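Asker: dropping the sequence and predicted coords here.
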Amino acid sequence: MVSSNDVRRLFLQAVLSRRVMTREVALKLWEKCIGAVKAANDALEIQFTGDRNSWDEFVTKINDELNLMNLEFAQMSDEITGKEMCALVNRKGDEVAQLATEYTALEIAYFKAVLHQIITATNDAFCISSMAALRETNNLNMSKSQAEVVLSSFVAKGWLVKSRRGRYSLSLRTLMELLPYLKSTYPNNLLECTICMEVVTRGISCYTKNCQTHLHAHCSDKYRRRSQNCPTCQANWSTEANAKKLDRIGEVAYKEGQDAHRRRPFQERSDSEDEDEEDAEAETSQPSQSQPSQASQPTRTQTRKNKKKAVREEDMDIDDEDEPEPEPPRTQKRKSRR
Ligand SMILES: [Zn+2]
Ligand SMILES: [Zn+2]
């Protein structure tokens, strides 16, 4: 007998085969799932309204269930497009275990080293050149050509974004899936958007000394339609001169030559420069603790079993589930700022 639980089950099956989607697509999937379940049992009192409250309620219920498996149906705005995105993400621990099913321990160590340089880039540029990325192999038993291959793979699978200028930065996938790791490893390096409270790696900062206002480009666009004053210190951003003074976050903040030297070395503290900040990377030096994440496996197996039940995915014209689709290469270009 189908019940309203089947809506959540069907929805998760659909989500599993897509991985990342816009909120619009997620809402459409939800609607289809409700339709399919109602078609199988007309007596069920469920209805698709599509309003924010019922969506939030639905997501909360799903997450209560997923929580047991350390999974989460997470929502976050894409910093590049400003679109609200949803994805099923692994929330287990604060390691980068999510990469372990696809990459070797060495590749993961390399990924962490590159991540470290991106996050600690000076001027809040949150990006590094290919050269700087390749230089990270110096501390690892990895050749430059191996690194080139694995870097392209990080980009193709959506773990890093490569800009037109060839600079690497954090992707939506990394920000969503590795958030616990990023937050615990870099509590002092990550910036938080004053409006939406999510991590900002592309946007603006207020120029007032000690003002902690940082905004995503899309949050700033929306906010500045309503107000021209800094939400924290009330500085007046409306004049052209003041607007120009706003500090940039992300690749636009990159200054030529800034990554000729690493600001803070990864996994080797001896030759560290001036700053003596705690570097949480140092102690996690070896990737042996990166356990392959099994969390997503049982759900896929379950997907198969559930196919036998009354309502099937096919009834809803939702993706089939043979192989998880490879992440489409991220070809998005940075939106030029107005
Ligand atoms: Zn924001
Ligand atoms: Zn301010």
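Answerer: On my side now, so go ahead. What you see is a predicted model, and the numbers here were worked out from it, not measured in a lab. Ligands and ions are numbered 1, 2, ... in the order given.
Asker: got the contact list for residue 201?
Answerer: 79, 126, 169, 170, 175, 191, 249, 250 (Cβ atoms under 8 Å, 6 or more residues apart in numbering). Every residue, glycine included, has its C-beta placed from N, CA and C.
Asker: so what are the domain limits for the chain?
Answerer: Under the assignment automatic domain parsing, the domains of the chain span 5-91+295-316, 97-174+254-289.
Asker: okay if I get these as a markdown table plus mean neighbour count?
Answerer: Formatted as a markdown table, the domains of the chain follow (neighbours: other Cβ atoms under 10 Å):
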| stretch | mean neighbour count |
| --- | --- |
| domain 5-91+295-316 | 16 |
| domain 97-174+254-289 | 18 |
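Asker: which one of the ones you listed lies nearest to residue 203?
Answerer: The minimum distance between residue 203 and the domains of the chain falls on domain 5-91+295-316, with 7.3 Å, by Cβ to Cβ.
Asker: average pLDDT for the closest one?
Answerer: The average pLDDT for domain 5-91+295-316 rounds to 80.
Asker: stretch 123-133 now?
Answerer: 94.
Asker: do the same with stretch 98-112
Answerer: In this model, stretch 98-112 carries a mean pLDDT of 92.
Asker: pull that stretch out as PDB, backbone CA atoms only.
Answerer: What follows is stretch 98-112, C-alpha atoms only, in PDB (Å, rounded to 0.1, in the frame of the first residue of the first chain):
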ATOM      1  CA  GLN A  98      33.400  12.300   0.100                       C
ATOM      2  CA  LEU A  99      36.300  12.100  -2.300                       C
ATOM      3  CA  ALA A 100      37.500   8.800  -1.100                       C
ATOM      4  CA  THR A 101      35.400   6.700  -3.400                       C
ATOM      5  CA  GLU A 102      36.900   8.400  -6.500                       C
ATOM      6  CA  TYR A 103      40.400   9.400  -5.500                       C
ATOM      7  CA  THR A 104      43.500   7.800  -4.000                       C
ATOM      8  CA  ALA A 105      44.900   8.900  -0.600                       C
ATOM      9  CA  LEU A 106      47.600  10.800  -2.500                       C
ATOM     10  CA  GLU A 107      45.100  12.600  -4.700                       C
ATOM     11  CA  ILE A 108      43.100  13.500  -1.700                       C
ATOM     12  CA  ALA A 109      46.200  14.900   0.100                       C
ATOM     13  CA  TYR A 110      46.800  16.900  -3.100                       C
ATOM     14  CA  PHE A 111      43.300  18.200  -3.200                       C
ATOM     15  CA  LYS A 112      43.600  19.300   0.500                       C
END
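Asker: quick one: it to chain centroid distance?
Answerer: Relative to the mean C-alpha coordinate of its chain, stretch 98-112 is positioned 17 Å out (Cα atoms, centre = their mean, to the nearest Å).
Asker: what's the answer for stretch 76-85, then?
Answerer: Stretch 76-85 has its C-alpha centroid displaced from the chain centroid by 10 Å (Cα atoms, centre = their mean).
Asker: again with stretch 238-258
Answerer: Counting by Cα atoms, centre = their mean, stretch 238-258 comes out at 24 Å from the chain centroid.
Asker: contacting residues around it?
Answerer: By Cβ under 8 Å, 6+ apart, stretch 238-258 touches 79, 121-127, 163, 165, 167, 169, 191, 200-207, 214, 228-229, 235-237, 334, 337.
Asker: kindly recompute the last result at 7 Å.
Answerer: With contact meaning Cβ atoms under 7 Å, 6 or more residues apart in numbering, stretch 238-258 is reached by 122-127, 163, 167, 169, 191, 200-207, 214, 228, 236-237, 334, 337.
Asker: what mean pLDDT does it get?
Answerer: 89.
Asker: buried stuff in that stretch?
Answerer: For stretch 238-258, burial by neighbour count (16 or more other Cβ atoms under 10 Å) applies to 246, 248, 249, 250, 251, 252, 253, 254, 258.
Asker: for it, C-alpha coordinates in CSV please.
Answerer: The C-alpha coordinates for stretch 238-258 follow below in CSV (Å, rounded to 0.1, in the frame of the first residue of the first chain):
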residue,chain,number,x,y,z
SER,A,238,25.6,55.1,-2.7
THR,A,239,28.2,57.5,-4.2
GLU,A,240,30.2,56.2,-7.1
ALA,A,241,33.4,56.9,-5.2
ASN,A,242,32.3,54.9,-2.2
ALA,A,243,30.9,52.0,-4.3
LYS,A,244,34.3,51.7,-5.9
LYS,A,245,36.0,51.5,-2.5
LEU,A,246,34.1,48.3,-1.6
ASP,A,247,36.6,45.5,-1.4
ARG,A,248,36.2,42.6,-3.7
ILE,A,249,36.1,38.9,-2.7
GLY,A,250,37.1,36.2,-5.2
GLU,A,251,39.1,36.2,-8.4
VAL,A,252,38.4,39.9,-9.0
ALA,A,253,40.4,40.6,-5.9
TYR,A,254,43.4,38.7,-7.2
LYS,A,255,46.5,40.9,-7.7
GLU,A,256,49.0,40.0,-10.3
GLY,A,257,51.8,38.0,-8.8
GLN,A,258,50.2,37.5,-5.4
